[in-house]
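Student: When you get a sec, could you give me coordinates for this:
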Amino acid sequence: METFSLLVVIGAAFFFTYTNGFHDSANAIATSISTRALTPRIALAMAAFMNMAGAFLGSGVARTVSEGLIETPTGEEGMTILFAALLGAITWNLVAWYLGLPSSSSHALFGGLVGAALAGTSTVHWDGVLTKIVLPMILSPVLGLILGYLLMVALLWTFRRADPHVAQRRFRMAQTVSAAGMALGHGLQDAQKTMGVVVMALVIADVQDDAGSIPIWVKVSCALMLSLGTYAGGWRIMRTLGRRIIELDPPRGFAAETTAASVLYVASYIFYAPISTTHVITAAIMGSGATRGVRAVRWGVAKNIVTGWVITMPAAAAVAALGYAVVRLLFD
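Tutor: Got it, this is the predicted structure:
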């Protein structure tokens, strides 16, 4: 029975990664598609490949997820908590995708973990949740907003004498690189989060002892599922990011993608912080777009997006807690 539970949890983790891919594929490529720097299928194929590559470039974020947030008992109780956490995260991902809301798959997962742990009376490391999840959740989009604005101002000043048509064409070409960098950062961040959950399941099932080491098959499987989900696409969310916040041009698309990718790399390699790619790229788009004037940004759309950010963790936590109660009711 314990082996079956382990397989179910790992399968749920892989499905979450798949939903993460098609839910968050918009993060890397919406700006490039909206500015016509890349065609949709080429952009998706590039993002899928770079997501897979990024999954192999580090493990610090995975260790944060597997060791720093919750403690679960071994055996069936621990498996129930992990399954309920993934159920909450998957449910919120699907709801947000249906509504075209660029919410965070990462924070859906973290909300699910906390909600399931509380329902199962397991230990939640609130200091870790605060310092590794909540603070980065607040600071990373603020940085994205400010840096996106400053980078765009710098680009406008640097190329102020350039021919507008030539500059647009060159920035459209440069977006190929910035979009690839964004997709690589997404793989570096989001594939590792699922790796951390799978490692937790292996430790709970007593298949491995060390929560800090990630088997190669786990890396390959999570990278592949994220890549497949990315190629499936997330067209509803792409429309929100690419056009509804602001009408982007290639220079602003380049500034937003470059800013977001930089924040992702710093968070992954220096702070090992699992941040939201959705939050960062959305804020960077707002920042770069605001150089056209405050009224250029559709703040009503932005307000709805931020509202989605705020409710993601508690909503996923509530679904996870309900899922835990249902599973316990059915199998006790």
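Student: Which parts of this structure are strands?
Tutor: With DSSP state E as the criterion, the chain has strands at 70-71, 123-124.
Student: In a markdown table, list those strands along with mean pLDDT, mean neighbour count and distance to residue 216.
Tutor: Heads up, the C-betas are built off the backbone N, CA and C, glycines and all. A markdown table is the format used below for these (pLDDT from 0 to 100; neighbours: other C-beta atoms under 10 Å; distance: least, C-beta to C-beta, whole Å):
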| stretch | mean pLDDT | mean neighbour count | distance to residue 216 |
| --- | --- | --- | --- |
| strand 70-71 | 89 | 18 | 25 |
| strand 123-124 | 88 | 14 | 30 |
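Student: Let me have these in CSV, extended by distance to residue 49.
Tutor: Formatted as CSV, the strands of the chain follow (distance: least, C-beta to C-beta, whole Å):
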stretch, distance to residue 49
strand 70-71, 33
strand 123-124, 37
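Student: Can you say which of the ones you listed is nearest to residue 181?
Tutor: Comparing the strands of the chain by their distance to residue 181 (C-beta to C-beta), the top pick is strand 70-71, with 32.1 Å.
Student: And residue 140, how close does it get to residue 248?
Tutor: Separation of residue 140 from residue 248 (C-beta to C-beta, to the nearest Å): 21 Å.
Student: sorry, that was for residue 44
Tutor: For residue 44, the distance to residue 248 - C-beta to C-beta - is 18 Å.
Student: and what of residue 195?
Tutor: Taken as C-beta to C-beta, the span from residue 195 to residue 248 is 33 Å.
Student: residues in contact with stretch 136-145?
Tutor: With C-beta atoms under 8 Å, 6 or more residues apart in numbering as the test, stretch 136-145 has contacts from 104, 107, 259-260, 263, 267, 271, 273-276, 279-284, 286-287, 309.
Student: just stretch 317-332 next, same as before
Tutor: Here stretch 317-332 makes contact (C-beta under 8 Å, 6+ apart) with 80-81, 83-85, 87-89, 91-92, 111-116, 118-120.
Student: Once you drop chain neighbours, what's closest to residue 45?
Tutor: residue 231 (6.6 Å; C-beta to C-beta, 6 or more residues apart in numbering).
Student: Which parts of the stretch 101-250 of the chain are helices?
Tutor: With helices called from DSSP state H, counting those that start in this stretch, the stretch 101-250 of the chain shows them at 105-119, 126-129, 135-158, 164-186, 192-204, 216-232, 235-239, 250-266.
Student: Can you tell me which of these is most buried?
Tutor: The highest mean neighbour count among the helices of the stretch 101-250 of the chain, using mean count of other C-beta atoms under 10 Å, belongs to helix 105-119: a mean of 28.
Student: Convert the C-alpha atoms of it to CSV, please.
Tutor: The C-alpha trace of helix 105-119 is given here as CSV (Å, rounded to 0.1, in the frame of the first residue of the first chain):
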residue,chain,number,x,y,z
SER,A,105,2.0,28.0,-9.7
SER,A,106,4.8,28.2,-7.1
HIS,A,107,2.7,29.9,-4.5
ALA,A,108,-0.2,27.5,-5.2
LEU,A,109,2.2,24.7,-4.3
PHE,A,110,3.4,26.4,-1.2
GLY,A,111,-0.1,27.2,-0.1
GLY,A,112,-1.0,23.6,-0.7
LEU,A,113,1.9,22.3,1.4
VAL,A,114,1.0,24.7,4.3
GLY,A,115,-2.7,23.9,4.1
ALA,A,116,-2.3,20.2,4.0
ALA,A,117,0.3,20.3,6.8
LEU,A,118,-2.0,22.3,9.1
ALA,A,119,-4.9,19.9,8.3
